[in-house]
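J.: Task: produce atomic coordinates for the following.
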Amino acid sequence: MSPNRYTPRMSPSIALQYLLPQKTLSRIVRAATRCTWSPWKNFLIARVLKRYRVDMSEAAQRDPFAYPSFNAFFTRALKPGARHAGGGQSAVLCPADGRISQAGRITHGRILQAKGREFTVAELLGDGDAAEAYHDGHFVTVYLSPRDYHRVHMPLGGELIETVHVPGRLFSVAPAPVAQIPNLFARNERLICHFDGAHGPFAVALVGAMLVSGITTVWHGHEVPPYAAHVVRSDWRGRGVKLARFAEMGRFEMGSTVIVLLPKGCLLRAGLMPEMPVRVGQRLGHFPKP
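T.: Numbering: from 1, shown residues only. Predicted coordinates for the structure are as follows:
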């Protein structure tokens, strides 16, 4: 029986996403959010503050209108000490502020997207061989809403081995589309970051989405756009890109989703349920001592 046998009825608004010029809209948003004209950028900032009740008390710059552009406001840094790394060096940390979309074991190479919807690790990574490292491993998917801190941090310490920019669509990654669009995370444009750590390989997938106008990393800068026409692999072996657990690794310029893949042997903490709020540095699990 098909694992995707449960198929909730698709709403008209989500069906419309198949027809929209997703990347053209995202390019327009990219330009609009970088505009430094004060009336425009302050208008955008005010709309988001009101609609999403953004908490500025933890920001390094607490005045939202002091940022030179909406993008600078959206990717704002937090003040020192606003987040802490939980657990010891064997702890797996939450990479982003947001909410758990799904978390659990990778079963028969498949990841749970939503009730009745699954996709494979190979589809997500765009590489069947790389997927073998996560046989019987675990995954954690974190959704970032527009109100959240949008910098992504390392769940574990590790050395960057390879990045893979996988081309795709830009469907919204809000809860409703995730529940209704098959294989959404394996269909959207994404940047896969492969690391080697003390407990073996792990991967962090930065998934693009509707109106998400950029993904950047601390080792390379802008990664998306440009949007890929084909799979683009970048070999970082031996180039000395080593990041400590809890260190910033990248950021989204608008909200999206982070998926962490962990090898066999990791133990996720109990109670990681869908819609559970999480914060950067929160302990998601650990690797037992040898």
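J.: as a whole number, average confidence for stretch 28-40?
T.: In this model, stretch 28-40 carries a mean pLDDT of 94.
J.: contact partners of that stretch?
T.: 41, 44, 68-71, 74, 211, 213-214, 225, 253-254 (Cβ atoms under 8 Å, 6 or more residues apart in numbering). Yep, even glycine has a C-beta here, placed from its N, CA and C like the rest.
J.: hmm, 7 Å instead?
T.: Outside stretch 28-40, the residues that touch it by Cβ atoms under 7 Å, 6 or more residues apart in numbering are K41, L44, P68, S69, F70, N71, F74, L211, S213, G214, E253, M254.
J.: How about stretch 77-92?
T.: 58-60, 93, 149, 155-156, 245-246, 262, 266, 279-287, 289.
J.: which of the residues you listed count as buried?
T.: Buried residues within those, defined by neighbour count using 16 or more other Cβ atoms under 10 Å: 58-59, 93, 149, 155-156, 245-246, 262, 266, 279-282, 284-287.
J.: Can you give me the first-to-last residue distance of stretch 171-184?
T.: Taking Cα to Cα, to the nearest Å, stretch 171-184 runs 7 Å from one end to the other.
J.: What are the buried residues along that stretch?
T.: F171, S172, V173, A174, P177, V178, A179, Q180, I181, N183, L184.
J.: ok, now which ones touch R53?
T.: With Cβ under 7 Å, 6+ apart, R53 has these contacts: R147.
J.: how far away is it from A114?
T.: Here the criterion is Cβ to Cβ, to the nearest Å. By it, R53 lies 26 Å from A114.
J.: do you know how far H84 is from L78?
T.: 11 Å.
J.: ditto for G250
T.: Separation of G250 from L78 (Cβ to Cβ): 15 Å.
J.: P21 too?
T.: Distance of P21 to L78, given as Cβ to Cβ: 35 Å.
J.: Tell me which of these two has more neighbours.
T.: Shown here are P21 and L78; by other Cβ atoms under 10 Å, L78 has more neighbours (14 against 10).
J.: bridging residues for the more buried one?
T.: A59 (DSSP bridges).
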